[in-house]
Every structure is written in C-alpha cells, then in structure tokens.
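>>> When you get a sec, could you give me coordinates for this:
(4 chains)
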There are 2 protein chains.
Amino acid sequence: MSVTGHTSADTPADQAAKGGKSVSIRDVAAAAGVSYQTVSRVINGNASVKEATRERVQEAIRALGFRPNAAARALANRDTRSLTVVTSNTTLYGYAATLQGVEEAARAAGFTVGISVLESEADEHVRATVNRAADSSSGLVVIAYDSAGVRALDCVPDGHPVSAAVEAPAGPLSNSLPRAWIDDAEAAAEATRYLLELGHPTVHYVALPSTTHASRRTAGWRAALEAAGAPVPEPVGAGWDAVAGYDAGRRLAQDPGVTAVLCGNDDLALGVLRAMYEAGRPVPGQVSVVGFDNAPQSAFYTPALTTVEMDFTDLGRACFALLHDVLAGTSTAAALPPVPRPRLVVRESADVHHPAPTP
Amino acid sequence: MSVTGHTSADTPADQAAKGGKSVSIRDVAAAAGVSYQTVSRVINGNASVKEATRERVQEAIRALGFRPNAAARALANRDTRSLTVVTSNTTLYGYAATLQGVEEAARAAGFTVGISVLESEADEHVRATVNRAADSSSGLVVIAYDSAGVRALDCVPDGHPVSAAVEAPAGPLSNSLPRAWIDDAEAAAEATRYLLELGHPTVHYVALPSTTHASRRTAGWRAALEAAGAPVPEPVGAGWDAVAGYDAGRRLAQDPGVTAVLCGNDDLALGVLRAMYEAGRPVPGQVSVVGFDNAPQSAFYTPALTTVEMDFTDLGRACFALLHDVLAGTSTAAALPPVPRPRLVVRESADVHHPAPTP
DNA sequence: TCCAGAAAAGTGACCGGTCACAATCCTGCC
DNA sequence: GGCAGGATTGTGACCGGTCACTTTTCTGGA
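Modelled structure (predicted):
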C-alpha cells in the first residue's frame, strides 16, 4: 500500500483556503450591494426578489465562490436534514443492500446520510455509538438484524426520531418504534414445501443467529413442515458467513438422513455447499440446498443456488420513508408502503430426492 | 415487507419532544447556578473548574437531559470533525471493506462519517453529489477505483480537504491530491509467475474497467509475462461483477489455447469459474483460474479460489489518516504509513498445466 | 397628481455553542 | 492584616445563517 501527500509547496495555499475567512452571505451582500437577507432569499429561491437583483446576487455568489454553511443553517433551522444508519458489518450483503436503499431514498429527499458501525454488542460500546450518532444527525435508522442492532435500538434516547429494519415484527423490542421488515415467513414456507414436494422426507434448517426466538423465517419453515406432517429437526445454529455455514454443513453431512437443507442466507448456503462437497455428498444429487437473500453471486455458484430473493434495497427505502414521517410528525401505523413479497428463485442446488444407495 | 409506525397516541409526546425547546448550556447553567461558560468548560473537560462546581453542573446536565448541539458547536468551532465517503456501489466487497476501514479509523478519532453514493458517472450527477458532500462535512474521502470515482475527485472544490483511495499512483488525476493505493503490481506478477511455473504457456487476464490505462495490476501481469518470454494476450475487458466475469469466461472458454486466467477480482473469477464449468472445461483440471481481493466467500467456492489477498480495510484506515493530516495542516508526502503488501493465497483453482488432449 | 396596497428590500434578534478577556475568589507569605 | 498572583468564574461578542417585522419602492386607479 502506498501513499502520496501534498507537496510542501501546497501547504500555504491550503492554509489560506482553510484559515482564510470563508465567504458568508454578508460578504456576498456587500459585493452585490444588497442586504444579507436578500442574499438569503436568493439562495433559498423562495421569497420574492426582483429578477435583476437576483441576478446581481447570483453573480456575486459565483464571483466569491460562496457556499452556504451547513452548520449555521442547521443551527438556525433546528434541523439538519440528516440521518445516520446504525449497523454492524456492512460487508454482508443484506446489510450493504439495506444501507444502499436508505442512502438512495435519503439522497433523493435531500438528506445527508451518516453511518455508524457497531463493532461489538458490548453494552457500553453500543450506547456510546448510538448516542454519538443521535447527536450528530436529526434521525436514526437502525439495522437490527442482529443482537447488536437490537441492543442499539434499545439505547436510542427516548423520543429521538428513529426507524428500524428488523428481522420480525414481534420481538424483544421494549418500545413500539416504527420499523420495517420483510415478511419472509411465507417465502420460507414456500421453499420448504418446494423441497418437500421434491420428495425429501424433511428439511433441515441452518439458522441465522436470531434476535427474536421467533424469526419469521424459522416460523415459516416449521409451519410448512408441520403442515406436511414431516418431522421437525432441530435448527442448526450458525453465524452469518460462509465459515459458519461450513461448520454447520460439516455437522449435517455426517447425518445420512439429511437430504435437504434450507439456509438462513446465501453465505451460509455456500458454506454448506462446500462442506457437502468435501464430505462427498454431491449437491443436488444427494443433498438439496436452498439459500436465502439471492445475493448477486449465488447464480454463479456451482451448483447455482436455488434461493429466496429478498429486496433489501426496497426495505432500506421503506425505513427512510418511515423515519421521514416521524421527522415530519406524520408518523402513523396506517400508512403501509407496498409490500414486495420475497419469492423463490429456482436454480440448480435443489433437486428431487434420491434415496441414499443402500450399501 | 411490512411496516409499523407509532400509534397515534404517541404523537403528542413526539411533538413535545420535538417542538419542546431543547435544553442549552444556558438552561443547565441556570439550573446549576453558574454561568454558561462554566458549563461549557465542564462539558469540554479541559479548563480548570472546581470539583464541587463540576459535580453540580454534571448533576444539572443529567437532570435536564442536556446534550450538546452539534451544529452550534460546529458553527462556533468552524469545524465539524466529520468526513464523507464518496463512492459508488458499496455492495461490492472492495468498496465495502474500504468504507469499513475509513469508518473504523474515523470513529476512533472522534469523527462522524457520512456516505454519499454515486449512481452514475454523469457529470452533472457527480458534481452535484460531490458538492453536497463537501458542504456537509469538513473533509472528503473519495473511493476512486472506478471512473465515477475518478470523476468525483476532479469535481472536488479546489482547496477542499480530501483524500482518495485509487487504483494506481499514476493516473488521469489532474491534481496531486493526497491518495493511497495498494501496490498490487508485484502481487499480480507473483500470481502470473505462479501460473507460469505451473507450466501454463501464458496467462490470460480478465480486467476490471480501468480508470487509468496503467493499472498496476495489469502492469504486473504484463511484466511477468514479458520477463518469462511468454506471449501477452489482449486483456479481456469486463465489468465488476460475476455477470461480467461470466461473459468474459464464455469468450475465453471457446479458445482451447486458454489454460490459465487471472481475474481482476474474485467476483469476476467466480463468473469465469462458472463459464468454464458450463463449457465443460474443468477447473483446475483443464483451466486454472486465479482471482484478486480474497473476498470472504472465495475460500468456499468449488474449487476454492486461489487469489491475491488485499487489505482494503487497512487502505481505508490509511485514507482517513491522510485526510486527518490534511485537516490538521500537517500533510506531507514524507509520512508513509506501513505498507502491507498483498500476497498470493494458494487454494484449489489453479493447478499444473495439462496439455489439452489431442482428439 | 396623489394615495392605497402590494412588492421588494432591510433591520434586529436569535439559534447554541466558543473564544478572548475581565472580574472575583482564594491562598500563602511578609 | 494586607497583598501578590494563581485558580475560578463571569461577560460580551461572534460563528453564519434564519425568522419576524419594519421600511422603502413600485404599481395602478381615483
């Protein structure tokens, strides 16, 4: 890794640019021969200003390189038009996509977006992070797919504007903050039924660390199994990434009764795929695997992953809309945005059940 | 996707919390029976305040639930202690990891970090995005791996504090802004030599859309080939994701002379892997593939991907350090941070060359 | 030509902190 | 007891915008 910096020759210029007094509306006003209030009117484009005056002011603005000071504006307005997203690991697909959605919607609405990542779920750390985030923006969007996020939600100062992306509607949330989630129970059930219809006696589940003990996904899987009268195996607890999936997969691979596996996300599924491969249990020949999320890579795995498509980006947009409502004071439970249901996308990793060869 | 909001019963409380005047240091001062300046001293912990007084003030702060107003502070200080990261698609591993690094370092230094994503490289859009980012924070970190980013770098208002993560030191950057990059030329060369030593007559290259026409990666690959006296095939232009890799891979698969492929990143490599698989050209049996970046998933592909490990997080940290120096006015080219060189991690996707069976 | 009323432009105060400097309170020592 | 000098604390102005309200300038109709 390499680095270049300014040459020392640049420094004076920098100093000038930094230390040199920045131009304010008063400076512009003087240059244009009007009052500062008129300049304010021009840059906000709202009040009535004579065309000739407006042009004169705009000319001055251009000449002086004036840029309105956001802090001053925020102070006077008592509003920053900014939000910060509180999240853990943005390197995971679901998180990154949600963030992307929030950012997109926020930017469109003229909001500035900050990001604040939770590095652990240690109480003090979470509290400090949330407090700083709350102070530096007018609203919070918490991505609470994991327990660090849920804890963060609990730390939000009372009454502070916030919305959250959560795993499931019911949960350990002490308060009834506005929140959005993707109802994937039905999709999980659909995936499970799909596997069952392929002839598998039952479907094993590699679960994400749940924040709720009542994950919609898990519930859908269980319900489908029960409805079909199939045995309900204990879900295999795992983490978030391929490493965790691999570990779970190795355990599952040892049980010859395992022929179908539903995974909490695509990374987990990738790990399972690999573990099965190493254990000499071909997918989908001997074991079928279905993922969750439809990450961009999963169509290219070998076998291509059958998975459930989730629109995290849209979820992010919804979270912004929710926060925006709170900020505007128009927050109501009544206004439900469109509900894009997740759907199963069938590829190669799941196939009809082939009874294990009896040796 | 589902959404809940506040019940209407909550609304009054909200209004109160929002409309109700927020407590200022003057309020705290009155409650504690001291002057506002003393309160300021207490919350900044710097000046000399008698212990008894400090406690009285802190008690008042707690009682009133005082939280310092960031905007006011920024206005008075002429400094926000905030930066915003300008980047495109944060869903890609390299970008997300870099962002994570910047955020981590920034948070540690008490900086607030914003994010602003470039949705296209349309000039007007880029300019608007950069300007807004520049106005809302005291410094910019531009991730300029792609042309949208490079363009953004060119739009940064003159003299505005900025640092950048770039693809290569030399480039179309018109100005000499402080920037950091991972010197992967040697790593690319190492990977190429590795493939050559495996007996492959040459190594094909699936390139990232380069911002510079002089990507270090490409240069390293070419140099290694030339040094070995191997033919230098035309790099296959591609995009950033697995889809692009897949397209490139299909073209490559048709040429029986292709036995070794180096890819600009792991997603590209995944696409190539898949294309080769579909074309009936087993990897690594018939074709060897090496990726770049060592994304967390690549160890779990089948075959596990041999790739070059890049420490993007550290690069992000370096970018922050650079910006921090600029902000502090201590920016010099002299201060080079430690240089963690990328290294080749050998897994399964590359193997000794097996001459094509002569049919 | 004059005046009402709308349009345009200006004034003062304030948002919630910080700085520079002044004022007051101690303490030890002559 | 009085005083120098450091430790504490208070005062006024200001950062760069915005709001509410006042003043000045236009406009058209009587």
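>>> hmm, the helix or strand hosting A:E55 in reach of DNA strand D?
In the assignment (DSSP states H and E), A:E55 maps to helix A:51-64. No - Helix A:51-64 lies out of reach of DNA strand D by CB under 7 Å from any atom of the strand, never closer than 10.1 Å. Quick note: C-beta positions are derived from backbone N, CA and C, even for glycine.
>>> packing partners for that helix?
Helix A:51-64 is packed against helix A:25-32, helix A:36-44, with contacts defined by 3 or more CB pairs under 8 Å, 6 or more residues apart in numbering or on different chains; DSSP states H and E.
>>> relative to helix A:36-44, how tilted is it?
80 degrees (axes from the mean of the first three to the mean of the last three CA atoms, to 10 degrees).
>>> right, is helix A:51-64 up against DNA strand C?
Yes - using CB under 7 Å from any atom of the strand, helix A:51-64 comes into contact with DNA strand C via A:52-53.
>>> what's the angle between that helix and helix A:25-32?
Angle of helix A:51-64 versus helix A:25-32, following the same axes, to 10 degrees, is 110 degrees.
>>> Averaged pLDDT, helix A:51-64. What do you get?
Helix A:51-64 comes out with an average pLDDT of 95.
>>> buried residues in that helix?
Of all the residues in helix A:51-64, those buried under the rule 16 or more other CB atoms under 10 Å in any protein chain shown are A:53-54, A:56-58, A:60-61, A:64.
>>> Next SSE downstream of that helix?
Criterion used, DSSP H and E; the element after helix A:51-64 is helix A:70-77.
>>> Contacts for that following helix, please.
Contact with helix A:70-77 is made by A:80-81, B:69, B:71-72, B:74-75, B:80, B:135-136, as judged by CB atoms under 8 Å, 6 or more residues apart in numbering or on different chains.
>>> Let me know the next secondary structure element after it.
Downstream of helix A:70-77 (by DSSP H and E), the next one is strand A:82-88.
>>> Please put the alpha-carbon coordinates of the helix or strand hosting A:D247 into CSV.
Assigned by DSSP H and E, A:D247 belongs to helix A:242-254. What follows is helix A:242-254, C-alpha atoms only, in CSV (Å, rounded to 0.1, in the frame of the first residue of the first chain):
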residue,chain,number,x,y,z
ALA,A,242,-19.7,-18.9,4.9
VAL,A,243,-17.4,-20.1,7.6
ALA,A,244,-20.4,-20.7,9.9
GLY,A,245,-22.2,-22.4,7.1
TYR,A,246,-19.3,-24.6,6.5
ASP,A,247,-19.2,-25.7,10.1
ALA,A,248,-22.9,-26.4,10.2
GLY,A,249,-22.6,-28.2,6.9
ARG,A,250,-20.0,-30.5,8.2
ARG,A,251,-22.2,-31.5,11.1
LEU,A,252,-25.1,-32.0,8.8
ALA,A,253,-23.1,-34.0,6.3
GLN,A,254,-22.4,-36.6,8.9
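>>> near chain B, anything from it?
Yes - applying CB under 8 Å from any CB of the partner chain, one finds helix A:242-254 touching chain B at A:242-243, A:245-246.
>>> Now do that helix, average pLDDT.
98.
>>> just checking, what packs against it?
strand A:204-207, strand A:236-237, strand A:260-263, helix A:266-278.
>>> Check what pLDDT the spatially most central residue of chain A gets.
In chain A, the residue lying closest to the centroid (CA atoms, centre = their mean) is A:T98, at 2.6 Å. Confidence at A:T98, expressed as pLDDT, is 97.
>>> That one sits in which helix or strand?
Secondary structure assignment for A:T98, by DSSP H and E: helix A:93-108.
>>> got the angle for that helix vs helix A:266-278?
Angle of helix A:93-108 versus helix A:266-278, following the same axes, to 10 degrees, is 160 degrees.
>>> Can you list the strands that the helix or strand that comes right after helix A:93-108 pairs with?
The first helix or strand that comes after helix A:93-108 along the chain, using DSSP H and E, is strand A:112-118. Using DSSP bridges, strand A:112-118 pairs in its sheet with strand A:82-88 (parallel), strand B:112-118 (antiparallel).
>>> show me what contacts A:L323?
A:L323 neighbours (CB under 8 Å, 6+ apart): A:83, A:139-141, A:161-163, A:178.
>>> out of those, which one sits closest to DNA strand C?
Nearest to DNA strand C out of these is A:P161 (CB to the nearest atom of the strand; 16.1 Å).
>>> now that closest one: how far from A:A328?
As judged by CB to CB, to the nearest Å, A:P161 and A:A328 stand 10 Å apart.
>>> Between these two, which has more neighbouring residues?
Neighbours were counted for A:P161 and for A:A328 using other CB atoms under 10 Å in any protein chain shown; A:P161 has more, 26 against 9.
>>> Quick one: residues contacting the nearest residue in space to that one that is not next to it in sequence.
Closest residue in space to A:P161, ignoring its immediate chain neighbours: A:G139 at 4.0 Å, by CB to CB, 6 or more residues apart in numbering or on different chains. A:G139 makes contact with A:82-84, A:160-163, A:323, A:326-327 under the criterion CB under 8 Å, 6+ apart.
>>> Please determine how far A:G139 is located from B:A144.
Counting by CB to CB, the gap from A:G139 to B:A144 is 30 Å.
>>> gap between stretch A:252-271 and the chain center?
25 Å (CA atoms, centre = their mean, to the nearest Å).
>>> how about it: buried residues?
A:252-253, A:258-271.
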